[in-house]
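# sequence and predicted structure are below.
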Amino acid sequence: QVQLVESGGGLVQPGGSLRLSCAASGSSVSMYVMGWYRQAPGKQRELVADISSGGGTTYEDSVKGRFTISRDIAKNTVNLQMNSLKPEDTAVYYCYARRRFYGEFWGQGTQVTVSS
């Protein structure tokens with residue numbers, strides 16, 4: 001099993017930046033597909049970005065070129081650098097981990113609000 005704790009959310013003005021961090025315990029982030037989902041009020045949860053155990057990354061189209069997902073295996077964390085934030089990025093962001101035969105695990109979520 002893996003436990004996930006997010007941090008780094010908050011209020012930021014449009015055009016600003018935030019860095020989300022997901023600290024994992026119980027297993028190495030290198031053994032899982034790690035990623036970030038978000039859920040805005042009244043909308044379905046959607047994938048923002050993920051990173052495979054091999055290091056490959058994928059991004060949702062609306063965040064390409066603005067968001068970067070990375071992992072620090074030594075610190076056992078996965079990070080999401082968010083630049084050029086827009087009001088439509090406002091959502092609760094959830095860290096998740098997935099591994100075949102081991103299941104799927106979620107963090108508690110962190111609020112990101114982009115507003116002037």
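Here it is on my side, so go on.

# how near is the most centrally placed residue in the chain to residue 116?
Per C-alpha atoms, centre = their mean, the C-alpha nearest to the average position across the chain is that of residue 36, at 2.8 Å. Distance, residue 36 to residue 116, by C-beta to C-beta, to the nearest Å: 24 Å. Glycine gets a C-beta too; all of them are placed from N, C-alpha and C.

# for the helix or strand harbouring the residue nearest to the centre of the chain, packing partners?
Following DSSP states H and E, one finds residue 36 within strand 33-39. For strand 33-39, the elements it packs on are strand 18-25, strand 46-51, strand 67-72, strand 77-82, strand 91-99, judged by 3 or more C-beta pairs under 8 Å, 6 or more residues apart in numbering; DSSP states H and E.

# okay if I get those strands as a markdown table plus mean neighbour count?
Below are those laid out as a markdown table (neighbours: other C-beta atoms under 10 Å):
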| stretch | mean neighbour count |
| --- | --- |
| strand 18-25 | 20 |
| strand 46-51 | 19 |
| strand 67-72 | 18 |
| strand 77-82 | 22 |
| strand 91-99 | 21 |
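
# got a markdown table for those, with mean pLDDT and distance to residue 61 too?
Formatted as a markdown table, those follow (pLDDT from 0 to 100; distance: least, C-beta to C-beta, whole Å):
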| stretch | mean pLDDT | distance to residue 61 |
| --- | --- | --- |
| strand 18-25 | 97 | 19 |
| strand 46-51 | 97 | 11 |
| strand 67-72 | 97 | 11 |
| strand 77-82 | 98 | 15 |
| strand 91-99 | 97 | 16 |
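
# let's have those strands in JSON lines, adding distance to residue 58.
Converted to JSON lines, the helices and strands packed on strand 33-39 look like this (distance: least, C-beta to C-beta, whole Å):
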{"stretch": "strand 18-25", "distance to residue 58": "16"}
{"stretch": "strand 46-51", "distance to residue 58": "6"}
{"stretch": "strand 67-72", "distance to residue 58": "9"}
{"stretch": "strand 77-82", "distance to residue 58": "13"}
{"stretch": "strand 91-99", "distance to residue 58": "13"}
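
# so who does the residue nearest to the centre of the chain touch?
By C-beta atoms under 8 Å, 6 or more residues apart in numbering, the residues touching residue 36 are 20, 22, 47-50, 69, 78, 80, 93-96.
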